[in-house]
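Peer 1: give me a 3D structure for the following:
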Amino acid sequence: MCRMNERALSFDAVAEQYDTARPGYPPALFDAIEAATGRPLRGARVVDVGAGTGIATRLLRERGARVVAVEPGPGMAARLRLSVPDVPLVRGFGDALPLADASADLITYAQAWHWTDPARSLPEAMRVLRPGGALALWWNVSDRAVPWIAEQDARLREETGGQAHGAHGTGERDRHLPTGPETVRRRVPWSRRVPLRTHLDNLGSHSVFRVLGDEATTAFLDRERDELLRLFPDGTVEESYVVELTLTFRPPASSSQ
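Peer 2: Just a heads-up that it's a prediction; the model follows:
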């Protein structure tokens with residue numbers, strides 16, 4: 001197993017925390033996917049890779065998509081089965097999808113593409129997509145244009161030696177995004193209001209804190225609680241995000257074929 005896959009599996013230890021604290025995705029994201037692909041999600045054959053606990057899987061199903069979830073981690077998969085028991089679930093990695101050729105209209109990676117080896121996962125996605133199908137990759141990125149989020153990001157970077165992107169959004173250079181004429185990008189801003197406890201649980205569910213260890217993580221989150229209570233004395237935090245979306249398409253079948 002490659003090191004990226006090993007680190008991706010580390011989320012199993014916080015599957016429940018991940019499911020209850022991580023942000024979802026706004027309806028405008030799925031509107032953007034439908035506009036870019038030129039077809040509704042309703043009735044589409046969708047494969048949600050790195051599905052985790054099913055946060056994106058649930059929302060895709062609510063839009064009427066026929067979803068198959070792919071997830072390697074046993075803890076995350078167990079949580080997904082509880083939340084969406086009627087969605088087919090396949091255990092596997094994006095680098096070697098256990099799915100038939102040309103069997104999907106859309107393949108999605110919500111916060112998961114950077115855990116793959118793109119030299120393997122991109123050809124795999126193109127194999128599983130039907131001609132004209134789309135690969136959609138997206139990340140919720142904390143909006144650093146908001147002053148308190150920028151200040152929190154600076155504290156995270158100081159604590160982690162500059163590795164805080166895992167908590168505030170993976171940088172584009174780490175994502176190894178597809179490029180070329182068949183690729184389009186969109187940015188979708190949104191926000192949510194959550195209890196301070198949920199905000200801290202969200203931070204603590206990111207992989208950078210799995211590396212720091214429990215003692216250092218607890219100490220940092222305690223300090224962060226005190227800092228945020230000064231800004232949000234009622235204990236409700238408004239988190240601001242930008243969903244960064246990249247879509248790339250499998251070319252349509254040649255008319256001569």
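
Peer 1: how much space between V84 and T198?
Peer 2: For V84, the distance to T198 (Cβ to Cβ, to the nearest Å) stands at 21 Å. To be clear about C-beta, it is placed using only N, CA and C from the backbone, and glycine gets the same treatment.

Peer 1: now do the contacts for the closest residue to F30 other than its chain neighbours.
Peer 2: Computed as Cβ to Cβ, 6 or more residues apart in numbering, the closest residue to F30 that is not its neighbour in sequence is R63, at 5.4 Å. R63 makes contact with 30, 40-42, according to Cβ atoms under 8 Å, 6 or more residues apart in numbering.

Peer 1: what about those, which are in helices?
Peer 2: F30 (DSSP state H).

Peer 1: quick one: low-confidence ranges for the stretch 51-200 of the chain?
Peer 2: 163-174 (pLDDT under 70).

Peer 1: which residues of it fall in strands?
Peer 2: Secondary structure of the stretch 51-200 of the chain (DSSP state E, counting those that start in this stretch): strands located at 66-70, 89-90, 104-110, 129-142, 183-195.

Peer 1: name the SS class of the residue nearest to G180 when sequence neighbours are not counted, please.
Peer 2: Excluding its sequence neighbours, the residue lying closest to G180 (Cβ to Cβ, 6+ apart) is T248, at 7.3 Å. Classification of T248 by DSSP: H, G, I helix; E, B strand; the rest coil places it in strand.

Peer 1: you'd agree T248 is up against T183?
Peer 2: Yes - using Cβ atoms under 8 Å, T248 is in contact with T183, at 4.4 Å.

Peer 1: who's more crowded, those two?
Peer 2: Ranked by neighbour count (other Cβ atoms under 10 Å), T248 and T183 place T248 first, with 22 against 14.

Peer 1: now do the contacts for the more buried one.
Peer 2: By Cβ under 8 Å, 6+ apart, the residues touching T248 are 134-135, 178, 180, 182-184.

Peer 1: cool, R187 as well?
Peer 2: 242-245.
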